[in-house]
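*Asks:* pasting the sequence and the predicted model now:
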Amino acid sequence: MRLEHLLKSASFKLTAAYVGLFSVSVGILAGLIYFSSTSELDRAIRTRIVADSNALREEYAHGGKDQLLQAITERQRGRLIGGLDYTLYDAKGRHLFGTLPVVRCTSGWVTFTGPPDGDEPTGEMEKLGVLITPLTHGYCLLVGDDVGKVQKFGTLILDSFGWVFLLTVTMAVAGGFFLSSRVLGRIEAINRTAEAIIEGDISRRIPRRAAPDDLDRLAATLNRMLDRTTSLMESLRHVSNDIAHDLRTPLGRLRRSLEEARRTTSSPDEYRAAIDRAVSEVDGILDTFGAILRIAQIESGSRRNGFQNLVLSDLAADVCETFAPSIEDVGKSLRTDIQRGLWAHGDRELLVQALANLLENAIAHTPAGATVTVSLKASHNGVDLSVADNGCGVPEAEREHIFKRFYRLERSRTMAGNGLGLSIVAAVAELHGARITASDNKPGLRISIAFPAAA
Amino acid sequence: MNILLVEDDPDLAAYVLRGLAESGHHVDHAARGDSGYDLASRGNYDLLIVDRMLPGMDGLTLVKSLRGKQSKLPVLFLSNLGGLDDRVEGLNSGGDDYLSKPFAFTELLARVNALLRRPHLAGQPTTIRVGDLEMDLIKRRVTRAGREVDLQPREFSLLEYLMRRPDQIATRTMLLEGVWDYHFDPKTNIVETHISRLRSKIGGDIIQTVRGSGYLIRAARTSS
């Protein structure tokens, strides 16, 4: 089972293909080297024999038999290993020099096999390539050399290649097995994790390794994807719970007040007042629904298609100008510190709503006399928008939660609002690739949105 | 005025029909997109109220087809999608206004009346006069009984919106959309605050509050 997996694995197939390709190329290389070296060696030997035969014929033509014998003798005396074999006999076949057998004296090449001269592998005869040169007066000159060494050399080449080939293939196959089993093991780990998650253990993650490589990066990416999916699932579960919970409260209130109206109301004016209360309660519920839908639409990212470059400074100044009178009317003040001419790439409508929500949040959760400060400044890599107040702030432990849907601080549970305002802001920030943070304004709360530089 | 309502939800249709009839309009109703289209292209209507999602033919297609036949009929879209993009799509397809369901009937009525009046406002006057209040749109100056009133740009736009539509109720939402271009509902009473600042500058008697609906300026004011 394990071996079958191994043999079917992509990495093993890849290794096998490489080994195959390598073998073919080594084979072709070996063949080429074999043929070119042996034929070159053979040619060199024969050229030397021809040249020497011609030189000896010159000697004979110049000084007759005696000078020829003298030349041969001189050559034979200086003979070292690898020298040529010489034989001369007369018309009657009597050897004047050398031991090569007598053949019919016609110009051309013959091959003799003779007794070994020491450099042959045991049990093999020496193979001589001999050039026959007929001379005048019936003399016959034979010059030869050991051509067996050509084949010996070729065999040596082939043997070496054979060993190299064998070694390489062995290593490649072993390496292939080793690599495949390693890669397979890690893929199997990913597979097991996925299976576990499918089974319901969504907290499982793919084990990482100390040394990052591409498989490890893949594992990291998959883990991040799983984290994202988990957080989305979590938030979905929270949202369904929260919707159920947060809508049950106003619906219960509505039902109670309607029942009470039916029981106690008598005059048309009282009925009208009861109906007005009910309508405003329903409006609140519809608002909550609208906000939920809006967050979902913002999070879907479809608004990104309509992004344009806009002057964030003007937008912020405009919203502040619009809200300033209302803020003053409730006995608070709005300070603006807006740097001119800062741009952003985004959706005007959503950015206006985000800033409006931040202002409304600041107004709603500060005591009378508080100051809300809106500032917009260029940062080293974009634009920072922040809305800060000097109210009572948010405890550090709760700060990261304030952007969650329906999250409300204990003390503001009784206030108006649906706990979705800052979630919309967070969704808008995320849509714009901006980072939203809540920090301590000492005293008060500061919410900052760091926009990336406009493209 | 003759109004055609194309809406497949029978409860909502009955509610709108009843309300508009009480306001003195004559309303025909079609429950399907295709039959609505036939009625709209044959009949002589002053306004079309059309739902986005309809059986037979969806609202967008209906309005696009009408506009393709050079129809100038004012169109008010209704939609329960309440979506961000739906409003833009509705207006791009040739709609004149857009109202998300659920809506208060007063909101619908105010928008219907605004659309029915629209052709009369086509001209671009340089000055608008209501009683002794005069607005110079070129110099962007407002005078009350000859005395200049100093207005912030936003207050000027707000007053201009109301003065251009005398005798018509402008709802809070209409003002948010028309003056501020805000297509969401701020919890803060920014409209009320601005109206009250405006009143304190031009005198409290000109802009009237219609309880539960919105604001309006009466054209035929008897000057005091």
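*Replies:* Structure's in. What do you need?

*Asks:* contacts, neighbours, all on C-alpha from now
*Replies:* Fine.

*Asks:* pLDDT below threshold where in the chain?
*Replies:* Went with chain A since none was named. A:1-2, A:78-82, A:115-125, A:410-416, A:454-455 (pLDDT under 70).

*Asks:* wait, chain B
*Replies:* In chain B, residues with pLDDT under 70: B:81-83, B:118-123, B:220-224.

*Asks:* can you pull out the strands in it?
*Replies:* Using DSSP state E, the strands of chain B run over residues B:2-6, B:26-30, B:47-51, B:75-79, B:97-100, B:127-130, B:133-136, B:141-144, B:147-149, B:170-171, B:207-210, B:214-217.

*Asks:* how about the ones you listed, which one is nearest A:A194?
*Replies:* strand B:75-79 (42.5 Å; CA to CA).

*Asks:* next up, the contacts around residue 204.
*Replies:* This is for chain A. Taking CA atoms under 8 Å, 6 or more residues apart in numbering or on different chains as the contact definition, A:R204 lies against A:T193, A:A196, A:I197.

*Asks:* OK, contacts around B:A13?
*Replies:* Counted by CA under 8 Å, 6+ apart, B:A13 has contacts B:L5, B:E7, B:H29.

*Asks:* and the contacts of A:R204 as CSV, adding neighbour count, secondary structure and distance to chain B?
*Replies:* Converted to CSV, the contacts of A:R204 look like this (neighbours: other CA atoms under 10 Å in any protein chain shown; DSSP: H, G, I helix; E, B strand; the rest coil; distance: CA to the nearest CA, whole Å):
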residue, neighbour count, secondary structure, distance to chain B
A:T193, 19, helix, 39
A:A196, 15, helix, 39
A:I197, 15, helix, 35
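
*Asks:* can I get these in CSV with distance to A:N241?
*Replies:* CSV is the format used below for the contacts of A:R204 (distance: CA to CA, whole Å):
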residue, distance to A:N241
A:T193, 29
A:A196, 26
A:I197, 23
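
*Asks:* closest one to A:L141 out of these, please.
*Replies:* Comparing those against A:L141 with CA to CA picks out A:T193 as the nearest, at 86.9 Å.

*Asks:* correct me if wrong: that closest one contacts A:R208.
*Replies:* No. When contacts are counted by CA atoms under 8 Å, A:T193 is not listed as touching A:R208 (11.9 Å).

*Asks:* please parse chain A into its domains.
*Replies:* Chain A resolves into domains spanning A:2-153, A:205-300, A:306-452 when parsed by automatic domain parsing.

*Asks:* return the most buried member of the ones you listed.
*Replies:* For the domains of chain A, the largest average neighbour count (mean count of other CA atoms under 10 Å in any protein chain shown) is found in domain A:306-452, namely a mean of 19.

*Asks:* still on that earlier bit, ranking by neighbours, what's the top pick from the contacts of B:A13?
*Replies:* Using other CA atoms under 10 Å in any protein chain shown as the neighbour test, these are led by B:E7, with 27 neighbours.

*Asks:* the helices in the stretch 201-350 of chain A, which residues?
*Replies:* Secondary structure of the stretch 201-350 of chain A (DSSP state H, counting those that start in this stretch): helices at A:214-264, A:268-300, A:312-329, A:348-364.

*Asks:* so which of these is nearest A:G83?
*Replies:* Once those are compared by CA to CA, helix A:214-264 is nearest, at 63.0 Å.

*Asks:* what packs against the closest one?
*Replies:* helix A:268-300 (3 or more CA pairs under 8 Å, 6 or more residues apart in numbering or on different chains; DSSP states H and E).

*Asks:* circling back: can you tell me which of the contacts of A:R204 is nearest B:P102?
*Replies:* So of the contacts of A:R204, ranked by how close each gets to B:P102 (CA to CA), first place is A:I197, at 41.8 Å.

*Asks:* now do the closest one against A:I206, distance only.
*Replies:* Counting by CA to CA, to the nearest Å, the gap from A:I197 to A:I206 is 10 Å.

*Asks:* also A:V26?
*Replies:* 42 Å.

*Asks:* wouldn't A:P207 be in contact with A:A189 here?
*Replies:* Yes. In this structure, A:P207 is within contact of A:A189 by CA under 8 Å, at 7.4 Å.

*Asks:* what's the local residue count around B:I128?
*Replies:* The number of residues near B:I128, taken as other CA under 10 Å, comes to 16.

*Asks:* same check, this time on the one 10 residues further on
*Replies:* A count of nearby residues for B:I138, using other CA under 10 Å, gives 9.

*Asks:* got the contact list for A:L409?
*Replies:* A:E398, A:I402.

*Asks:* and the residue positioned nearest the centre of chain B, how far is that from chain A?
*Replies:* Chain B has B:R111 as the residue nearest its centroid, 3.1 Å off, counting by CA atoms, centre = their mean. Taking CA to the nearest CA, to the nearest Å as the measure, B:R111 falls 19 Å from chain A.

*Asks:* which ones are touching that residue?
*Replies:* B:R111 neighbours (CA under 8 Å, 6+ apart): B:D97, B:M174.

*Asks:* circling back to that earlier point, quick check, nearest of the contacts of B:A13 to chain A?
*Replies:* Of all the contacts of B:A13, B:E7 has the smallest distance to chain A: 21.1 Å, by CA to the nearest CA.

*Asks:* ok, that closest one - contacts?
*Replies:* Here B:E7 is in contact with B:A13, B:H29, B:A30, B:A31, B:R32, B:V50, B:D51, B:L54 (CA under 8 Å, 6+ apart).

*Asks:* report the beta-bridge partners for A:I436.
*Replies:* A:I449 (DSSP bridges).

*Asks:* so it makes contact with A:A450?
*Replies:* Yes. Counting by CA under 8 Å, A:A450 is a contact partner of A:I436 at 6.4 Å.

*Asks:* what pairs with A:T371 across the strands?
*Replies:* Applying DSSP bridges to A:T371, the residues it is bridged with are A:S333.

*Asks:* mind listing the helices for chain B?
*Replies:* For chain B, helices defined by DSSP state H occupy the ranges B:10-22, B:33-42, B:59-68, B:84-92, B:105-117, B:153-164, B:172-175, B:190-202.

*Asks:* now those as TSV including distance to A:Y86?
*Replies:* Below are those laid out as TSV (distance: least, CA to CA, whole Å):
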stretch	distance to A:Y86
helix B:10-22	124
helix B:33-42	116
helix B:59-68	109
helix B:84-92	106
helix B:105-117	125
helix B:153-164	123
helix B:172-175	122
helix B:190-202	124
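
*Asks:* my guess is A:V330 contacts A:A368. True?
*Replies:* Yes. Assessed by CA under 8 Å, A:V330 is found in contact with A:A368 at 7.2 Å.

*Asks:* returning to that earlier point: out of the strands of chain B, which comes closest to chain A?
*Replies:* Per CA to the nearest CA, nearest to chain A of these: strand B:97-100, 10.2 Å.
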